Structure formats: structure tokens, C-alpha cells
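> Could you work out the structure for the sequence below:
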Amino acid sequence: MSTTVDLREFLGAYLAEAEEHLALANARLLDIDASVRQGGANPRAVRDLLRALHTVKGLSSMVGVEPVVAIAHRMESALRSADSGGGSLSAEAVDTLLKGVQAIENRVRALAERRTVTSPPPALLEAIDQIEPGIAATVVDTRALDLDPALASKLAPFELAALACNGKDGRRAMRGDFTPSPATVAEGLSISVVRERVGAIAEIVKILPVSVPTSVGAPSGLSFALLVVTSASDAALAAAIGIEPAALRAIAVVADSAALGESLVPTDGLEVPEEPAQQRHGIVRVDVQRLDDAMEQLSALIVTRSRLARAVAAMAEAGVNTRELAQIVKDNSRQLRDLRAAILRVRMVPVRELLERVPLILRGIGRERGAHARLLVETGEAELDKAVAERIFPAIAHIIRNAVDHAIEASGERVRAGKPAEGTLRITCSARSNTRLELSISDDGRGIDREAVARRVGHEIGATDADLLDALCLAGLSTRDEATTTSGRGMGMDIVRRVVVDQLGGELLMTTERGVGTTFTLRVPLTIAIVDAFTLECAGQRFVVPVSMVDEIIEIDPGMVRHGPSRPGKASPRYAGLVERRGETIPLVDLASVFRLNVAPGGPRQALLVRRAAAVMAFGIDRVQGQQEAVVRPLTDPLVHVPGIAGASDLGDGRPTLVLDLVALGASLLTADDGTPSGRRSQRRKELVA
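Sure, this is the predicted structure:
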């Protein structure tokens, strides 16, 4: 009887693990590239890259993705030659290997999207086959190491080279033997525990099993030789292994001290306290679709909770004693909020992982232009919902390409301007609130030429950076006369605004100074599925506004509203006047007039203050009904896509309630009333809809 195995059930696990190993391969290739530019080799990175590709090849073979197997096999063969040659590769070899990893990524992505996985390009395979070590391999004389020949014969060239580098950076090569015994078991020590403890204070070059005479201290006749390079003291290293300091042996280089330098003589450095062994945590890979399903079920529970709350309120109005039932609803709300937080924590990915592909973008652009920008990333422990991260990365990539291709000057120009020859690109990230993240991308380039942009758009641009950003985000705008592989097609900033503002409901800001540099700031929600929101009433209609968009809620007294003189031909009933808040004059917009609803007599009674860049706008409403969690459903139909409408929500009564994006609405109102072509197009669109 034969059994057919459906490999599709392993596809999710394959994609997750392949993505992890390919990310590692890219990171190690960038490490190798940095070493090559400095004129050296990176044998450990070569070995890690080799292992990652070997794993990808094995996984792909298991699920039958033969094109990936073919590419990975060729790359593995080339890397084995480099590994045996001391881990040296040429710059051209690194380029070819990066193309190989990209080809594998494309085919893995095609498999994930259920598309045909194409055969590898013959030219790529031929280029991989021609890879040769770039730098002459370092030959290590094993007799120069105080190491047993039997152990030395089991070490790879790069491992011997690591031990021979004793003393060059303040570290020394050491050997310590761990022998399992009943006494070590009683102390909770095993080779796995020792490996973790030693790895916290030293670089483990190799752990080799060694046969020893059977005794009380070694009942199994087995010991483990740990060969490490460390700057920790003998006492700290011995404590991590669980032996006495006198049992350690220095793998000193036996050579002329004048040639090797006095730094090769093993000495006890400063006392380094032993780091506690890290607690081991289990890691389970979960398909993103399962997380999406869990979030969908949670969304349904939140809607049901809202229905239950409305039913309890109706019973209370009818005179029914609902005190106990109301407490149950309150407890249920707290439990659902905790469940939401737990599911979101599972969906969160570190921002630093999102930015791991940025060095690859910089390297590709730098090699094409012949210039390199120094990258500084400061993300801390910031995290982002995986769905938001996947949407926002294309926007980040566009800004980075523009910075390197347009803003950062050539080395000669920078030196003449008194700047460092190499440009700097800085990415910082911080949590603006518990629901919003702020990501800034800065360069120290030439800044944006306002006059050049004005010539491209065909009209004058306002004096503020917000006006300049609006012009840059016009569809089809490019400051280049000819398109290159990285820019010139007029698609960059338009895509950035669409992703950040339209799709994510976030905010896009910019500051620039000629000759100093430019900073783009992206403020995006941590998640877009379930948000904390205000429920408000306006002209008998109910709307929802995310809490993160609102700076403040104020009460409006009709006597505090000032009405300024209207400009000829510019009268607009939606502007209710000006209100003053702590000495600041703020334009007041009647939300009912914007949506052409019946305006309440006496005007709005409350207002939501919303900030766009440095400008503040007040949206007048009847009243804020309360705050609650809301499930946001996007409106994907282009016929109902209107600026200021982020989606719809069900608050428990079965009726769809519009979710407002007041930041985008404010921007569209300002644009519609100015004299720019974009404003005229916006006004014409409203007339056609009307």
C-alpha cells in the first residue's frame, strides 16, 4: 500500500524558514562586502552564509522547488572553495552572490503567490560557477599553535585563522574542557548550558568531543574541548565552564615575540563579570494567515460586545436592573482588550528587522552611482504590526532611493562644500503614543531646490515645507530629465503619500534646508485592524474618528467664534470662523457643511483639534458620544473613495458607520481652496460628484 504525501501542507513552514535563512544570507553578504572594501576577508561570515544556503537548498529539495535547489547548489559549491581558501571573496563575487540570493528570493516569492517558479537564468549560473577567491588565502601553520594535532586536524582554515589572531584586538585564544559527570548534573550543568554561558562572554570557535580515561570525574569517558577567543578574565571564563581557572589553557602563538608583538602574550585583562545564563524560550513559527484569522475572530467578538452593551443599555432605560449584567459587560470589555493586546504582540515585528533590507538598497544604488552613503539606524525596541510593516516598506525604499540618488552629493562636491566625503543617511524610530509610531529618514545632502520643483509643476509653490511636499507628491513629477534604474519616472513621492496617508491613515511630513539636508517623517498607526476611537454625532449622523488623530476636544461657545472678512469669490459655508485656544487662533470647519448635512442652528457645540505638520484645524461637531474600540473595514471600491474617509465600522447596531481621517480631510480642504492645479482638480472632482 503506497501513501501519497501532499507537500502543500509543509509550504507555510518552508516559506517562513526560507525567508529567515535568506535574510541571514543577505546580512552575511553585506558583512563580507564591508570586509572586502577594507581589504580583508570574513571567514566566519562565509561559513554562516554557506550554512544558510545549504539549509535553503535542503528545504527546497524537500518541497520540490528545483530552480531554487539549482541556484543554491551552485552558490554552495562556490562558497566551499572560498571557505577552504580562508574565507576570501572578491567584490565581483559578492555582487554575483547577491544576485543569486535575489534570484532565490524571487522564486520563493513566486511560490508563496502560487505563481510559476521559473528556471534559473543560465547567465547567472555561469557567473556563479566562475567565482574565485579574491584575496590570497591565509595559510596557518598549525605547529605555531599550542594545540593538539588531533584537534587541529578537525578545524577548518577559518577556525585556525580565528585562533591565530590571538591578541590583535585585545582578546586571546583559550581552551577549556568540560567533562559531564554526576556532579555537574547536580549543579544543573550540561554542554548546552555551558555553551550558552560561554557564548555570552566569548566567541566560541569550536566545541570538539574528546575521549578521556574513564574515572569518577568522567564516568562516560567523554569530555568537550571548548576553543574560544575572549577578552574576559580567566576567572569569568572558568566560572562559565564550571572549572577552576588553573584548568584553562592558552592557545598561544609560538613565534618570535618581536614579529608578533607583545600583545600576543596572554595576560589577564580587566575583571569581566559573568553574565547570567539566558533563559531559553521556545519559538513557534505561525503562518500569518492564522494570525489574520485570529484578528478577524477578535473583531467579530468586539462587534458582538458592542451589541451586548447596547442591549444592556436599552434594558436599563426600560427600568430593568442590569447592575450585575453591566459589570459582566465591563469585565468582558477588559478581557477583550487584553486579548487584543496579546494578539497584537504576536503580530508585532521589530522595526530593525523591517530595515534589514535597507543596506542592500544603499549598496545597489551606491555601486551604480559610484558613491556610498553611511547608514545610521536607531530603532530601539520599536515594533510594528506585520501588515503595516509590509505596506510601509515600499514607501521607505522610495525615500531612501531619492535621498541617495537626488540629495546626497558626489564626494568631490561634498568636500568643496565643507562636508565629509561620505554622505550620511539616518533612520530613527520612536513610539509617538501607544497607538502610533514615528519614523524619520534624514540625509545630509543638498536639500530640495524649491525653484526647480516649481518649474516642473508649472506654478509657484508656497513658502512652507508642507507646500513643497504637496508639490513633490504630485503624480508624475520628477526633477530628472531622463529616467535611470533608480529614479526619473515620477512615481516616488506619490507612492509614499498614497501608502502612508491613504492606505495607512498616517501622516507624512517633511523639513528641508538648502545645503544642509532633508528629513521625512512618517507617522503611522501600529495596527490598522482595530483602533481606539471616538464616536461622535454630527447633524444626526454618527461617525468614528481614531483617538490617535485627535489632539484635543474643546467646547465651543458661539460667542467665542470670530468671523473674519470673506475674500471675493472665496466664501465657503463650511468655514464657521476662528476659535482661540490658549492664545492660538485656529480655523474652525463645520463638519456638517463639509458633508453637506443639515447644519444645526447655532453652529457646532464641540470641536476636535487635529494637527497637520505645524498647522492646527478644528472640526466642529454636535457632540462626542464616547470612546470605544472600533473594527475598521477599508473601503476598496474606487467609486466610494473620498479624501477623509478611512473606512467603515460596525458599532453593534448592524449599521455601517464611516471612519473619518481628519488629517487627510483637512489637507484636502486646504488644497481645494488654493489656486494650485491640484486644488482645481480636486474642486472639479467634487463638482462632478455633485
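> Contact partners for A471?
Counting by CB atoms under 8 Å, 6 or more residues apart in numbering, A471 makes contact with V453, A454, V457, I461, L477. (Each C-beta comes from the backbone N, C-alpha and C, glycine too.)
> From the residues you listed, list the buried ones, please.
Buried residues within these, counting neighbours by 16 or more other CB atoms under 10 Å: V453, V457, I461, L477.
> which residue packs closest to the second one, ignoring adjacent ones?
Closest residue to V457 in three dimensions, ignoring its sequence neighbours and counting by CB to CB, 6 or more residues apart in numbering: A471, at 5.0 Å.
> so where's the stretch 401-550 of the chain shaky on pLDDT?
Filtered on pLDDT under 70, the stretch 401-550 of the chain yields the residue ranges 432-434, 476, 478-492, 528-529.
> just to revisit the earlier point, which of the contacts of A471 fall within strands?
Using DSSP state E, no member of these falls within strands.
> care to break this protein down by domain?
For the chain, automatic domain parsing gives the domain ranges 7-129, 146-254, 291-349, 364-525, 530-689.
> Including distance to R357, could those domains go into TSV?
Below are the domains of the chain laid out as TSV (distance: least, CB to CB, whole Å):
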stretch	distance to R357
domain 7-129	7
domain 146-254	27
domain 291-349	13
domain 364-525	7
domain 530-689	26
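> I'd like to know which of those domains lies nearest to E356.
In terms of CB to CB, the element of these nearest to E356 is domain 7-129, at 6.0 Å.
> And stretch 219-233, end to end?
End-to-end distance for stretch 219-233: 30 Å, by CA to CA, to the nearest Å.
> Now do that stretch, average pLDDT.
Stretch 219-233 shows a mean pLDDT of 86.
> I'd like the numbering to begin with 386 instead of 1 from here.
Yep, numbering from 386; the last one is stretch 604-618 now.
> And the helices in the stretch 486-635 of the chain?
Taking DSSP state H, counting those that start in this stretch as the criterion, the stretch 486-635 of the chain carries its helices at 507-514, 534-537, 542-549, 567-571, 576-584, 619-626.
> so which strand or helix has the residue nearest to V842?
helix 850-857 (DSSP states H and E).
> Tell me the helix or strand right after that helix.
helix 877-882.
> what does that next one contact?
779-780, 783-784, 786-787, 854, 857-863, 893, 905.
> what's downstream of that helix, the next helix or strand?
strand 892-898.
> Any buried residues in that next one, and which?
Per 16+ other CB under 10 Å, strand 892-898 contains these buried residues: E892, L893, L894, M895, T896, T897.
> measure the fourth one to G902 for me?
Separation of M895 from G902 (CB to CB, to the nearest Å): 11 Å.
> And the strands in the stretch 436-585 of the chain?
For the stretch 436-585 of the chain, the strands defined by DSSP state E, counting those that start in this stretch occupy 557-563.
> now the stretch 686-835 of the chain
733-735, 758-763, 768-770, 808-816, 821-828.
> What are the contacting residues of the longest one?
Which is strand 808-816. Residues contacting strand 808-816 (CB under 8 Å, 6+ apart): 736, 740, 743, 747, 756, 758-765, 767, 781, 785, 788-789, 793-794, 799, 822-830, 911.
> The same query, at a cut-off of 7 Å, please.
Contacts with strand 808-816, where a contact means CB atoms under 7 Å, 6 or more residues apart in numbering, come from 736, 740, 758-765, 767, 785, 788, 793, 799, 822-830.
> Give me the ChimeraX select line for those residues, limited to the buried ones.
Buried members of those, defined by 16+ other CB under 10 Å, are picked up in ChimeraX with:
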select :736,740,758,760,764,767,785,788,793,799,822,823,824,825,826,827,828,829,830
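> Save the buried residues of strand 892-898 as CSV, and put in distance to R695 too.
Output for those, formatted as CSV (distance: CB to CB, whole Å):
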residue, distance to R695
E892, 33
L893, 37
L894, 39
M895, 44
T896, 46
T897, 50
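> Just give me the closest of the residues you listed to R557.
T896 (49.7 Å).
> Quick check: beta-bridge partners of that closest one?
Beta-bridge pairing of T896 under DSSP bridges involves T904.
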